[in-house]
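Student: Structure for this input, please:
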Amino acid sequence: MDHEQAFELLPGYIDQELSLSESLEFERHLAGCKQCQQAYEQQRSVSAQLRQADLRVEAPAELVERIKAALPGRRSLWERLVDRFAGGASGRSLGWAPVGTMAFSVIALMWSAGLYLSVPSGETRLTHELVDDHIRSLQFNHLSDVISTDRHTVKPWFDGKLDFAPPVVDLAQQGYPLVGGRLDYVNGRTVAVMVYRYKLHPINLYVWPGNDAGAPPPGIYEQQGYHLAHWSTAGMNYWAITDAGEAELNGFITNLLAHPAS
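Tutor: Numbers count the residues shown, from 1 in each chain. Sure thing, here's the model as predicted:
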């Protein structure tokens, strides 16, 4: 996490609006950054002062009335429904019986739409789950269950632990050495994770069976300061995540897809 990202998260951290993973990432950056520590103390002090009661000013009643009078008039939905069914200016009335049913239907529709829009998509939930898992693997030093740079050691380690055989390739000559593997639980199932490195940056490659019919090519995007990519090929789902740059992750994916064993 750089300074710009930290400054963007700072107000949300002070107001306790960040997710657990965002808070942990921010605190990790804050612990080693004097500049961000100073900005944090300044904003926390300002926030505390703004919450003091003596800083609040009650608007005069006359001012409130003038503002209300200047606002354009707009009848509420309920008032318009009443006018519609009571006859309104036309003098024709549809009767009061349907009003309650209609109002209830409108409220139910708005409530249902709100619930639908507030639920994140499956892809979004999975992305957050993978980012959280990646962060945990770094914090608790649990990158690998089997530590080896030899694919002939890592691949057999998965035998009997999964209901599929994950492809394991060696990309050391391309600058992305294999350093181990582990089991993890993602998207409601046990998955294989191959761990690579680019210089000092770990790359977690999550693999599990999937349908690659019509699958788009991998696209790289950023989430909480990490770069991710998702693609499917040869009947497998792949997710790669790292704190390395976009170009470095793209190079990893390009070499991985070009390898005969992938």
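Student: which SS class is His134?
Tutor: Using DSSP: H, G, I helix; E, B strand; the rest coil, the structure places His134 in helix.
Student: Counting neighbours, what do you get for Glu8?
Tutor: 11 (other CB atoms under 10 Å). Yep, even glycine has a C-beta here, placed from its N, CA and C like the rest.
Student: Which neighbouring elements make contact with the helix or strand harbouring it?
Tutor: Element membership for Glu8, per DSSP states H and E: helix 3-14. Packed against helix 3-14 by the contact rule (3 or more CB pairs under 8 Å, 6 or more residues apart in numbering; DSSP states H and E) you find helix 20-31, helix 34-50.
Student: what's near enough to touch Pro229?
Tutor: Not quite, residue 229 is Ala, not Pro. Counting by CB atoms under 8 Å, 6 or more residues apart in numbering, Ala229 touches 218-221, 238-241, 249-250, 253.
Student: I misspoke; the intended subject was Leu18.
Tutor: 9, 12, 26.
Student: Distance check, the nearest residue to the first one once chain neighbours are set aside against Leu228.
Tutor: Distance criterion CB to CB, 6 or more residues apart in numbering; nearest residue to Leu9, sequence neighbours excluded, is Phe26 at 5.0 Å. Counting by CB to CB, to the nearest Å, the separation of Phe26 from Leu228 is 19 Å.
Student: With Cys33 instead?
Tutor: Taken as CB to CB, the span from Cys33 to Leu228 is 24 Å.
Student: neighbour count winner among the two?
Tutor: Higher neighbour count among Cys33 and Leu228: Leu228, with 21 against 16, using other CB under 10 Å.
Student: Surely that one is in a helix?
Tutor: No: using three-state DSSP, the assignment for Leu228 is strand, not a helix.
Student: Surely it and Tyr238 touch.
Tutor: No: when contacts are counted by CB atoms under 8 Å, Leu228 is not listed as touching Tyr238 (10.8 Å).
Student: which of the helices and strands packed on helix 3-14 sits most buried?
Tutor: Here the criterion is mean neighbour count by mean count of other CB atoms under 10 Å, and of the helices and strands packed on helix 3-14 the winner is helix 20-31, at a mean of 16.
Student: Please enumerate residues in contact with that helix?
Tutor: Residues contacting helix 20-31 (CB under 8 Å, 6+ apart): 1, 6, 9-10, 12-13, 18, 36-37, 40, 128, 131-132, 135, 139, 224-225.
Student: Mind checking which of those residues are buried?
Tutor: For those, a burial check counting by 16 or more other CB atoms under 10 Å picks out 1, 6, 9-10, 13, 18, 36, 40, 131-132, 135, 224-225.
Student: what's the closest of these to Asp150?
Tutor: Proximity of the buried ones among the contacts of helix 20-31 to Asp150 (CB to CB) peaks at Ile135, which lies at 27.6 Å.
Student: Check the spacing between the closest residue to the closest one other than its chain neighbours and Ser144 real quick.
Tutor: Counting by CB to CB, 6+ apart, the nearest residue to Ile135 once its immediate chain neighbours are dropped is Ser21, at 5.3 Å. Note on Ser21: its distance to Ser144, by CB to CB, is 21 Å.
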